[in-house]
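K.L.:
with the input below, show me the fold.
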Amino acid sequence: MEEVRIKVISREETGTSKAKGLRRQNLVPAIVYGKGANIMLKIDRKELKYLKQHHFSENIILNLEIESQKGSKVVPTLLKDYQLNPLTEEVIHLDFIRVSMKDKVELEIPVEIKGESKGVKEGGSLERLLWNIKVKCLPKDIPENIVVDVSDLDIGDSIHISDLAVSKEVEIVTDSKEVVVTVAAPVKEEEVTEEAVAAVEEPEVIKEKPKEPAEEKPKEKPKEKPKEKEK
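P.N.:
From the prediction side, this is the model:
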């Protein structure tokens, strides 16, 4: 397990305005959580080069060399979270978590896919279902990644958590039934029948219902002329 040492400074100032003031001085506010009291820190932006080199990995032991009025001490930590400025993408805050080298920790390790599967060469597609796997181990035994070799996978084959091989010092916490990666069959285009094509080209015409003949009204009888009276 790789370890990195970063020089940091203890700080008393807190609050949004104070944090903005630190950033104007090219310092990044930070905090260490864990057993005991939280530690407020400020870090020279130059020290962040070590984190950038490791892409802000959460799986590297960061030994913070904390300088304060009481002297200096080294605290082993893991990076828990970090915040970026949405416009400049500069780091504006860091969260660390204190760890003990004697106590096991739970964390997620990235999955690294290795090789090209037989199924993909035959037209199938490789589908990754898990990007990270949760493990439990001592800080010194934290793996950088978990390699998954897919070279022997045919179409329809899968690799489950239970198929993975890790060192005996590392315990996988993720459910053993979970699928890490699988090779799906190629998708075939639906065959369209001639009947279906004909049905589309010649849509059924609904004929108009014939009109019923109008009923003939009965002819009225001619009115009789009134008879003339005899003189």
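K.L.:
C-alpha coordinates for the longest strand seen in the chain, PDB please?
P.N.:
The longest strand of the chain (DSSP state E) is strand 71-84. Listed next in PDB are the C-alpha coordinates belonging to strand 71-84 (Å, rounded to 0.1, in the frame of the first residue of the first chain):
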ATOM      1  CA  GLY A  71       4.600  21.300  17.800                       C
ATOM      2  CA  SER A  72       4.000  18.800  15.000                       C
ATOM      3  CA  LYS A  73       2.500  15.300  14.700                       C
ATOM      4  CA  VAL A  74       1.800  12.800  12.000                       C
ATOM      5  CA  VAL A  75      -1.800  11.600  11.600                       C
ATOM      6  CA  PRO A  76      -2.500   8.700   9.200                       C
ATOM      7  CA  THR A  77      -5.700   9.400   7.200                       C
ATOM      8  CA  LEU A  78      -7.700   8.500   4.100                       C
ATOM      9  CA  LEU A  79      -9.200  11.100   1.800                       C
ATOM     10  CA  LYS A  80     -13.000  11.000   2.400                       C
ATOM     11  CA  ASP A  81     -14.200  13.800   0.100                       C
ATOM     12  CA  TYR A  82     -13.200  16.900  -1.700                       C
ATOM     13  CA  GLN A  83     -15.000  19.900  -3.300                       C
ATOM     14  CA  LEU A  84     -14.100  21.700  -6.500                       C
END
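K.L.:
tell me what that strand is packed against?
P.N.:
Other elements packing on strand 71-84 under the criterion 3 or more Cβ pairs under 8 Å, 6 or more residues apart in numbering; DSSP states H and E are strand 27-33, strand 61-68, strand 91-98. Yep, even glycine has a C-beta here, placed from its N, CA and C like the rest.
K.L.:
could you dump the ones you listed to CSV with distance to Ala19?
P.N.:
Conversion of the helices and strands packed on strand 71-84 to CSV gives the following (distance: least, Cβ to Cβ, whole Å):
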stretch, distance to Ala19
strand 27-33, 5
strand 61-68, 18
strand 91-98, 7
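K.L.:
nearest to Glu106, out of the ones you listed?
P.N.:
Proximity to Glu106, assessed across the helices and strands packed on strand 71-84 by Cβ to Cβ, is greatest for strand 91-98 (11.3 Å).
K.L.:
which strands or helices does that closest one pack on?
P.N.:
helix 16-24, strand 27-33, strand 71-84.
K.L.:
how about residues contacting it?
P.N.:
Contact with strand 91-98 is made by 19, 23, 28-36, 41, 43, 45, 48, 51, 62, 64, 75-85, as judged by Cβ atoms under 8 Å, 6 or more residues apart in numbering.
K.L.:
report the buried members of those.
P.N.:
Among the contacts of strand 91-98, those classed as buried by 16 or more other Cβ atoms under 10 Å are 19, 23, 28-32, 34, 41, 43, 48, 51, 62, 64, 75-80, 82.
K.L.:
how is this structure carved up into domains?
P.N.:
The chain is divided into the following domains under automatic domain parsing: 3-98, 105-184.
K.L.:
quick check, distance from the shortest one to the centre of its chain.
P.N.:
Between the mean C-alpha point of domain 105-184 and the mean C-alpha point of its chain there is a distance of 16 Å (Cα atoms, centre = their mean, to the nearest Å).
K.L.:
how about CSV for the helices and strands packed on strand 91-98, with distance to Trp131 and mean pLDDT added?
P.N.:
Putting those into CSV (distance: least, Cβ to Cβ, whole Å; pLDDT from 0 to 100) gives the following:
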stretch, distance to Trp131, mean pLDDT
helix 16-24, 32, 88
strand 27-33, 25, 94
strand 71-84, 18, 92
